[in-house]
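*Asks:* sequence below, structure please.
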Amino acid sequence: MDTRSSTGLLATLAIILLAAIGLLGFLTGYVLESPGERFAPTIGTLVVVVAVVGLLIVVGARSRRWRQNPYW
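*Replies:* Numbers count the residues shown, from 1 in each chain. As a prediction, this is how the structure comes out:
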């Protein structure tokens, strides 16, 4: 395996692990138990994250240089 393949595999495994931990936390904190006073801050955090990621997507899509990268 070359360096890019092994690094990509490691990054993919790390993302899967983080997603599994997040899903486990969501299930134990919100599905199996009542979230109580943590519900409003969680929704606020999710709104901010979605807004920031959406903004980054818009900024990246409007860039003229994004396909001039040697990677493409």
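*Asks:* the helices in the chain, which residues?
*Replies:* 3-26, 39-62 (DSSP state H).
*Asks:* make JSON lines from the ones you listed and add mean neighbour count, mean pLDDT and distance to residue 33 to it.
*Replies:* Where C-beta positions appear, they are placed from N, C-alpha and C, glycine not excepted. As requested, these are exported to JSON lines (neighbours: other Cβ atoms under 10 Å; pLDDT from 0 to 100; distance: least, Cβ to Cβ, whole Å):
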{"stretch": "helix 3-26", "mean neighbour count": "10", "mean pLDDT": "87", "distance to residue 33": "11"}
{"stretch": "helix 39-62", "mean neighbour count": "10", "mean pLDDT": "86", "distance to residue 33": "11"}
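*Asks:* and those as TSV, adding distance to residue 32?
*Replies:* What follows is these, written out as TSV (distance: least, Cβ to Cβ, whole Å):
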stretch	distance to residue 32
helix 3-26	10
helix 39-62	14
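*Asks:* got the contact list for stretch 18-36?
*Replies:* 38-39, 42 (Cβ atoms under 8 Å, 6 or more residues apart in numbering).
*Asks:* got the CA positions of it in PDB?
*Replies:* C-alpha atoms of stretch 18-36 as PDB (Å, rounded to 0.1, in the frame of the first residue of the first chain):
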ATOM      1  CA  LEU A  18     -16.100   9.400  15.400                       C
ATOM      2  CA  ALA A  19     -19.500   8.900  13.800                       C
ATOM      3  CA  ALA A  20     -20.000   5.700  15.800                       C
ATOM      4  CA  ILE A  21     -19.100   7.500  19.000                       C
ATOM      5  CA  GLY A  22     -21.400  10.400  18.100                       C
ATOM      6  CA  LEU A  23     -24.300   8.000  17.300                       C
ATOM      7  CA  LEU A  24     -23.700   6.100  20.600                       C
ATOM      8  CA  GLY A  25     -23.800   9.400  22.500                       C
ATOM      9  CA  PHE A  26     -26.900  10.500  20.700                       C
ATOM     10  CA  LEU A  27     -28.600   7.200  21.500                       C
ATOM     11  CA  THR A  28     -27.700   7.100  25.100                       C
ATOM     12  CA  GLY A  29     -28.300  10.800  25.700                       C
ATOM     13  CA  TYR A  30     -31.500  11.500  23.700                       C
ATOM     14  CA  VAL A  31     -33.200   8.300  22.700                       C
ATOM     15  CA  LEU A  32     -32.800   6.200  25.800                       C
ATOM     16  CA  GLU A  33     -32.900   9.000  28.300                       C
ATOM     17  CA  SER A  34     -34.800  12.400  28.400                       C
ATOM     18  CA  PRO A  35     -32.400  15.200  27.400                       C
ATOM     19  CA  GLY A  36     -34.000  17.600  29.800                       C
END
